[in-house]
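Engineer: The sequence and its predicted three-dimensional model are supplied below.
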Amino acid sequence: MQIRQENPSDYKAVFALLEDAFRNEVHSDHKEQFLVEDLRKSAQFIPELSLVAELENKIVGYILLTKIKIKNTENEYTSLALAPVAVHPDYQNQGIGAELIRHAHQKAKELNFDSIILLGHQDYYPKFGYKPAKSFGIQLPFDVPEENCMAIELKEHALQAVHGIVEYPKEFYG
């Protein structure tokens, strides 16, 4: 398997992958493919953090990290949102999603980002080092179960002095 930066010729395959991957997902609005299309056009899009997993010349996985802010009354901090990560149903449970997450973490560190915030499954993401966002004093701007709001420090103590509410790009509310 190869993980590489997505390029424009991948867009159609990624769209189809996202449709297939989230089709039967209960906790989904089934619009992830449109979110990705919109985020690619936004100022918060970082091409180096839009990654595909390829197996036998077929795109079987995708992950996107997008710039976000964490704000409070005094300060504003830059972070990343992990959304979405997807693996084609025929290739799930083979470690592809895990490899995409690890690769995205490493790439984000190389680009000097300090942290990542996500809304995801409370039993899956902790194995990558994610902790409840509330333990850092970080809240998401919408009503979701606390156990699904998570954050990771890519650099030691990166979130120690950070607290506030996540501000997502407007594309997340499309």
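Structural biologist: Yep, that arrived. The model shown is predicted, which means the values in this text are computed figures rather than measured ones. Residues are numbered from 1 along each chain as shown.
Engineer: Can you list the helices and strands that the top strand by length along the chain packs against?
Structural biologist: The single longest strand within the chain, with elements called by DSSP state E, is strand 58-71. Counting contacts by 3 or more C-beta pairs under 8 Å, 6 or more residues apart in numbering; DSSP states H and E, strand 58-71 packs against helix 11-22, helix 32-40, strand 50-55, strand 76-87, helix 96-110, strand 115-119, strand 164-167. Every C-beta, even on glycine, is put in place using the N, C-alpha and C of the backbone.
Engineer: Now tell me what touches the first one from outside.
Structural biologist: This means helix 11-22. For helix 11-22, contacts defined as C-beta atoms under 8 Å, 6 or more residues apart in numbering pick out 6, 28, 30, 32-33, 36-37, 40, 52, 58-62, 84, 86-89.
Engineer: quick one: pLDDT of Lys31?
Structural biologist: Here the pLDDT value assigned to Lys31 is 87.
Engineer: residues in contact with it?
Structural biologist: Here Lys31 is in contact with Gly174 (criterion: C-beta under 8 Å, 6+ apart).
Engineer: what about His30, how many neighbours?
Structural biologist: Applying other C-beta atoms under 10 Å, we find 12 residues neighbouring His30.
Engineer: Quick check: buried residues in stretch 96-108?
Structural biologist: Neighbour counts over stretch 96-108 (16 or more other C-beta atoms under 10 Å) mark Ile96, Gly97, Glu99, Leu100, Ile101, Ala104, His105, Lys107, Ala108 as buried.
Engineer: Return the members of the contacts of helix 11-22 classed as buried.
Structural biologist: The buried subset of the contacts of helix 11-22 (16+ other C-beta under 10 Å) comprises 6, 32-33, 36-37, 40, 52, 59-62, 84, 86-88.
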